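Enquirer: Can you look at this prediction? I've put the sequence above it.
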Amino acid sequence: MRARVSPLRKPVRADGVRVPGDKSISHRALLFAALADGESRVAGLSGGDDVRSTARCLAQLGVPLLRGDGTPWGPKPRSQEFPEEGRPTFLPPERPASSAPLPERDPDMEEDDAIILGRGLGGLRDPVGRLDCGNSGTTIRLLLGILAGAGVEATLTGDESLSQRPMERVAKPLRQLGAEIETTHGKPPVIVRRGHPLRGSAISSDVASAQVKSSVLLAGLFAQGETSFTEPAKSRDHTERLLRTMGAEIVQRGNTVAVRGRAKLGGFALDVPGDLSSAAFLIAAALLAPEGSTLSLQHVGVNPTRAGFLDAVAMFGARLQLELGESGGPEPVAGLTVQAQKLRGAELEGDIVLRAIDEVPILAVLGAFAEGETVIRGAQELRVKESDRLAQMAAGLRAMGAHVDELPDGLRIQGGALRGAAAIDSAMDHRIALAFSVAALAAREPCTISGAEWADVSFPGFYALLRTMGAEVEIFS
């Protein structure tokens, strides 16, 4: 499917917008709840395709999950924006999700809330058939740690994009704990075999990666003794925060985090904050919108290990109003207000880029419209995401009229107004689709984004929301 996005001609005024639940936290909430003894209730889950992949895999592993509308989590309903074509196809589990009864429905729950009946550390079962992780790297990598520790035999696979992503960076440290894991030339499909119980160990990584760290810590929950993970810089800490809430023994020592195995995990109640990575696209749209535009967002997660985007925006010279709120959980939240502003070029590298790695595509868009030069360094991790995001951003911005140099670990962008009038390929990457949709709003002429349906991976309803903000968006095949 394609989206034709036209430039905004009038100021945007949107108040009290709430973006989808944080994708990273949503994955973890479902996965960790499955390991708890007892029931967990999670409100505000991301309704995106990636999180539905996690829910579907858990159902195949025998975890009872009930949606807020009273139905078991299973195949994804068709999107209203993309009703027929181009959607990743999700099949229901090949046998009933569990012999255990589903928890009772709570009438106060919303559709994308969930009740999960945890199976404990020893309660997962071998699935029938492969675990299809769809497009989700978080699903496959975190499940590897869980399944290796739980002694579950399974084959994990995914779509065309996920099948090209590196898995040895997770498999190798898990093997150090005693796991038996086979990759396919370093990529999915990945086979987890039932082996000996895992042994706690000290693991070091030369790459700061929350997915690798989380996979190791999850395996460490099942291991005998202490498992530690050391990384060159501290990656996002959603895993540590939620596991502490559940009663896990987590100790942080600088860039090393350790977990003691075989602790009993308790169920929890969580209201998932709005996804800052999704909010970033709306914030950028407001910054680049016609003069007089204002946007306010509610209940956005502002975890310091994740909030590099806010610091980067400040380096562009933009000012945002941030009002901290009550989260009732382990993650800080805030309301954010932004107005259209002139931007200046910035140099982004180091810690800011690490804490804004998922937002680099939209930061590149801001750089393309800012006055002067913008340089982004230290983002080589984007070469192995759903697409080569550095190459895709460079090619797309050039097509729109920008002067861009592609660096081994980043981009150099000469800012200014963009012509637009370009056909952009999302490369089956949700963040590329979202970033260029925002760029089109600020260009002189409309742009067409092919593969626009991939936006649903993290931001379902994105184009409908743009329309409510006054954007002209046409969806067609």
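Expert: Nice, I can see it. Residues are numbered from 1 along each chain as shown.

Enquirer: I'd say Gly62 and Val128 touch.
Expert: No. Using C-beta atoms under 8 Å, Gly62 is not in contact with Val128; the gap is 10.5 Å. To be clear about C-beta, it is placed using only N, CA and C from the backbone, and glycine gets the same treatment.

Enquirer: Between these two, which is the more surrounded one?
Expert: Gly62 (21 against 9; other C-beta atoms under 10 Å).

Enquirer: Tell me the spatial nearest neighbour of that one, not counting adjacent residues.
Expert: Once flanking residues are discounted, Gly62 sits nearest to Arg125: 4.1 Å by C-beta to C-beta, 6 or more residues apart in numbering.

Enquirer: And that neighbour, how close does it get to Ser327?
Expert: Distance of Arg125 to Ser327, given as C-beta to C-beta, to the nearest Å: 34 Å.

Enquirer: my read: Leu31 touches Leu143, true?
Expert: Yes. Contact criterion C-beta under 8 Å: Leu31 and Leu143 qualify, at 7.3 Å.

Enquirer: Spit out the residues that contact these two alike.
Expert: Residues touching both Leu31 and Leu143 (C-beta atoms under 8 Å, 6 or more residues apart in numbering): Thr54.

Enquirer: These two: which is more packed in?
Expert: For Leu31 and Leu143, the more surrounded residue by other C-beta under 10 Å is Leu143, and the numbers stand at 28 against 25.

Enquirer: can you map out the helices along the stretch 51-200 of the chain?
Expert: 137-150, 168-176 (DSSP state H, counting those that start in this stretch).

Enquirer: Just name the shakiest helix or strand of this structure by mean pLDDT.
Expert: Ranked by mean pLDDT, DSSP states H and E, the helix or strand of the chain with the weakest confidence is strand 65-67, at a mean of 88.

Enquirer: Any stretches of this protein with poor pLDDT?
Expert: Scanning the chain for pLDDT under 70 picks out the ranges 73-108.

Enquirer: Domain-wise, how is it divided?
Expert: Per automatic domain parsing, the structural domains of the chain span 2-20+273-476, 23-271.

Enquirer: surely Pro290 meets Pro7?
Expert: No. The pair Pro290 / Pro7 is not scored as a contact, 9.2 Å apart, by C-beta under 8 Å.

Enquirer: Have a look at these two and say which one is more surrounded.
Expert: Pro7 (19 against 15).

Enquirer: Wait, a helix at that one?
Expert: No. In this structure, Pro7 is coil, not part of a helix, as judged by DSSP: H, G, I helix; E, B strand; the rest coil.

Enquirer: contacting residues for it?
Expert: With contact set as C-beta under 8 Å, 6+ apart, Pro7 has these partners: Gly420, Ala440, Leu441, Ala442, Ala443, Arg444, Glu445, Pro446.

Enquirer: Quick one: buried ones out of those?
Expert: The neighbour-count criterion (16 or more other C-beta atoms under 10 Å) marks Gly420, Ala440, Leu441, Ala442, Ala443, Pro446 among those as buried.

Enquirer: Next, give phi and psi for the third one.
Expert: The phi and psi values for Leu441, taken as degrees, to the nearest 10, are phi -60, psi -30.
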